[in-house]
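Here is a sequence with its predicted model. Questions after.
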Amino acid sequence: MKLEEYQGVWVFIEQIDRVIEGVSLELLGAGRKLADKLNVPLAGVLLGEGIKHLASEVITGGADEVYIIDHPVLKDYRTESYMKCIMLLAEKYKPEIFLYGATPNGKDLASAVATDLNTGLTADTTMLDVDVDNRLLEASRPAFGGNIMATILCKKHRPQMATVRPKVMKALEPDTTRSGKIIVETISLAEEDMRTKVLQIVKDVTKNANLAEAHVIVCGGKGMGDLQNFGLLYELAETIGASVGGTRDVVEAGWLPHHLQIGQTGETVTPKIYFAVAVSGAIQHVVGMKNSEIIIAINKDPNAPIFDVATYGIVGDAMEIIPKLIEEFKQVPINQGGEISYA
Amino acid sequence: MHIVVCVKQVPDTKIIKINPKTNTLDRRSAPAILNPYDAHAVQEAVKIREKTGGTISVLSMGPPQATAVIKKSIEIGADRGYLISDRAFAGADTLATSYALSKALERIGKDLPVDMVICGKHAIDGDTGQVGPGIARRMDIPPVTNVIEVTEVNEQEKTVLIKRKSTNGNELIQAELPCLLTVEKEINSIDYSPLPNMIKAVRYEPVIWTVADLENVERTQLGLKGSPTIVGKMFTPPKPEGGKRLEGSSDEQVKQLMGILMEKKEVLSLQSSK
């Protein structure tokens, strides 16, 4: 493998039902920085059926080039068909870095491609940088349950691949003055050759819509004591139009269903206001909420790690503070607040 | 049906501690367990076998003490287990790991053709989820990841109907056999092992293979040598500064908090009870 033959930073643009996934735009933002440091083009790779019109969004999102394969067999994601396309493009155009969102489909695809390309793949990256002198991608990720960060390098193989955690990188503001090159490739794919078929798709509208899109979240931890006490948080949430979430402990105690879990093995959220009530702030929880704009922590224990990430901290008993907070909010005359928060 | 489940012995990362002086795992702080996702994978194989009959083999790559997870798998209901253990495998990243496991699967398949491979979604120490699809590619069988239900196995048609968790919903997938599945925890719950299983597990001696027992192995693709990725450095995540403490009695704290929140009142959707 002649490393110098490989040039360019690529981002897999994941689209579902012809809508580009947020993480792909975030990766264009991150990829733009890497490409600028390496002085190479940033390209998006767009696969699907009837998706050519999405190329402009990829370019305004920061790409210099968009590689497109548009084919009926690509309508829904399948490992087999998608990886054939990626292999064709990667072997022909030889990118040096190739980023994917760490979504179920992104990880599935990247794992298959890395094996066939016989190259290195780092999973669930949360920090990206590049060693310009050595043209090495520095992909860092939490290791051992999140207690420590590891920087992974792929020194002698290309492309250097990584899947990147959603909602960590920042997308660029769309720049409609940007122009770019669109490269349409063709491939021979037959439905009869496919060994998997997508028979039905059920979109989960309820599942994470609450948490993922919420502008205000009230999250409770085990420190609430019991299910009845936890109910107070629902009252607070209702009073201020917030969504309710919980830590893994709370879900395992059966106080909340799994889809409302916030943290490393649950949801990652980025609300404007995050209330962490009786939450200790273990790193596995914090990774799921630390990008919230304002974090308000309420905990009896002054040494709870949550106070390290909180914008404002109250050392106190949630069972005292929350009822008082609810009362205060109920006293607010409706013309002082009451704006609908969700766009 | 011959189902092979890939299993891994991992430290319990829920409770493991880092030695703050050396920034390395204090392995004594947490017991070694069967990777929880792999336990669900074995359980799913047991559920499938209830309908189809057949054999469940488990396969693991690890040091000699990893026989413990083979035995644990027998407890759950597997019929037999293979451990590939060799210094040559040490230091393997996901590419080298899927290579070694696929070579073992070749050998297992020679004795009894493999109809399905099941893996846990990811191991809780590596957290990558990359080995399963890698094995599938090397065996040239289709992978289906994030499986939450095996709805139906059709042995005549040689297909399986699967529910998969995708990026924003669920999908119903029909896959041809042989195929490889990686499973989520929610696919099933682990049953209590009946006493006969426990006794069988205690008595069971796993088959242990070294590199020499596998065929057509390119040694350069094993272990550290066969790993394109390497850990460049480890560092503790930068500790955030911590913000402002609101002091005083609980009434005073709440008043201060209200002041802060009212500045963001456009974000709140206040429901006054008055």
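Looks like it arrived, so ask away. Bear in mind the structure is a predicted one, so any value in this text is a computation, not a measurement. Numbering: from 1, shown residues only, chains lettered A, B, ... in the order given.

now check stretch B:216-225, is it near chain A?
No: using C-beta under 8 Å from any C-beta of the partner chain, we find that stretch B:216-225 stays clear of chain A, coming within 8.6 Å at best. C-beta here means a position set from N, CA and C on the backbone, and glycine is covered the same way.

Could you list the residues in contact with that stretch?
B:87-92, B:96, B:99-100, B:103, B:106, B:211, B:226 (C-beta atoms under 8 Å, 6 or more residues apart in numbering or on different chains).

These into TSV, with extra columns for distance to residue B:189, pLDDT and secondary structure?
Shown next, in TSV, are the contacts of stretch B:216-225 (distance: C-beta to C-beta, whole Å; pLDDT from 0 to 100; DSSP: H, G, I helix; E, B strand; the rest coil):
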residue	distance to residue B:189	pLDDT	secondary structure
B:87	38	95	helix
B:88	38	96	helix
B:89	32	95	helix
B:90	35	92	coil
B:91	35	91	coil
B:92	32	94	coil
B:96	33	97	helix
B:99	33	98	helix
B:100	31	98	helix
B:103	33	98	helix
B:106	33	98	helix
B:211	37	97	helix
B:226	37	96	coil
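
Pull up the pairing partners for the helix or strand hosting residue A:67, direction included.
Here residue A:67, judged by DSSP states H and E, is contained in strand A:65-70. The strands that strand A:65-70 pairs with in its sheet are strand A:42-48 (parallel), strand A:181-184 (parallel) (by DSSP bridges).

So for residue A:289, which of those sits nearest?
strand A:42-48 (29.2 Å; C-beta to C-beta).

Contacts for the next helix-or-strand element following that closest one, please.
Remark: after strand A:42-48, the chain's next helix or strand is helix A:55-60, criterion DSSP H and E. Residues from elsewhere that reach helix A:55-60 (C-beta under 8 Å, 6+ apart): A:13, A:20, A:25, A:28, A:44, A:46, A:66, A:68, A:174-176, A:178-180, A:182.

Surely residue B:158 is in contact with residue B:175?
No: with contacts counted by C-beta atoms under 8 Å, residue B:158 stays clear of residue B:175, the gap being 9.9 Å.

quick revisit: which one of the contacts of stretch B:216-225 has the most neighbours?
residue B:96 (26 neighbours; other C-beta atoms under 10 Å in any protein chain shown).

contacting residues for the nearest residue to that residue once chain neighbours are set aside?
Leaving aside its sequence neighbours, residue B:96 sits nearest to residue B:226 (C-beta to C-beta, 6 or more residues apart in numbering or on different chains; 3.7 Å). Shown in contact with residue B:226 (C-beta under 8 Å, 6+ apart): B:92, B:95-96, B:99, B:220.

show me the contacts for the nearest residue to residue B:124 once chain neighbours are set aside.
In space, residue B:124 comes closest to residue B:13 once its chain neighbours are excluded; the distance is 4.9 Å by C-beta to C-beta, 6+ apart. When contacts are counted by C-beta under 8 Å, 6+ apart, residue B:13 touches A:144-145, B:30, B:124-125.

Need the pLDDT of residue B:13.
At residue B:13, the model reports a pLDDT of 70.

measure the residue in the stretch 201-343 of chain A positioned nearest to chain B to residue A:297 for me?
Closest to chain B within the stretch 201-343 of chain A is residue A:241: 2.6 Å, counting by C-beta to the nearest C-beta. The gap separating residue A:241 from residue A:297 is 20 Å, by C-beta to C-beta, to the nearest Å.

neighbour-wise, which of the two wins?
residue A:297 (28 against 20).

thinking again about what came up before, avg pLDDT for the strand holding residue A:67?
What strand A:65-70 shows for mean pLDDT is 98.

Mind listing what's buried along it?
A:65-70 (16 or more other C-beta atoms under 10 Å in any protein chain shown).

need the contacts of residue B:13 in CSV with neighbour count and distance to residue B:163, can you?
Shown next, in CSV, are the contacts of residue B:13 (neighbours: other C-beta atoms under 10 Å in any protein chain shown; distance: C-beta to C-beta, whole Å):
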residue, neighbour count, distance to residue B:163
A:144, 22, 32
A:145, 24, 28
B:30, 18, 33
B:124, 21, 23
B:125, 18, 27
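
and of the residues you listed, the nearest to residue B:245?
For the contacts of residue B:13, the nearest to residue B:245 is residue A:145 (28.4 Å; C-beta to C-beta).

Quick one, grab the pLDDT at that closest one.
At residue A:145, pLDDT is 62.

helices or strands next to the helix or strand harbouring residue B:200 in the packing?
Counting by DSSP H and E, the element that carries residue B:200 is helix B:195-203. For helix B:195-203, the helices and strands in contact under the criterion 3 or more C-beta pairs under 8 Å, 6 or more residues apart in numbering or on different chains; DSSP states H and E are helix B:67-76.

Give me the mean pLDDT for the helix it packs on.
97.

I'd like to know how far residue A:121 sits from residue A:155.
Using C-beta to C-beta, one gets 14 Å for the distance from residue A:121 to residue A:155.

measure stretch B:28-38 end to end?
With C-alpha to C-alpha, to the nearest Å as the measure, stretch B:28-38 spans 22 Å from end to end.

circling back: tell me what angle the helix holding residue B:200 forms with helix B:67-76.
160 degrees (axes from the mean of the first three to the mean of the last three C-alpha atoms, to 10 degrees).

quick one, what contacts residue A:269?
A:167, A:211-212, A:214, A:217, A:245, A:262, A:288-289, A:292.

what's the most distant pair in those residues?
The widest separation within the contacts of residue A:269 (C-beta to C-beta) is 14.4 Å, between A:167 and A:245.

just for the stretch 101-250 of chain B, where's the confidence low?
The stretch 101-250 of chain B contains residues with pLDDT under 70 at B:238-242.
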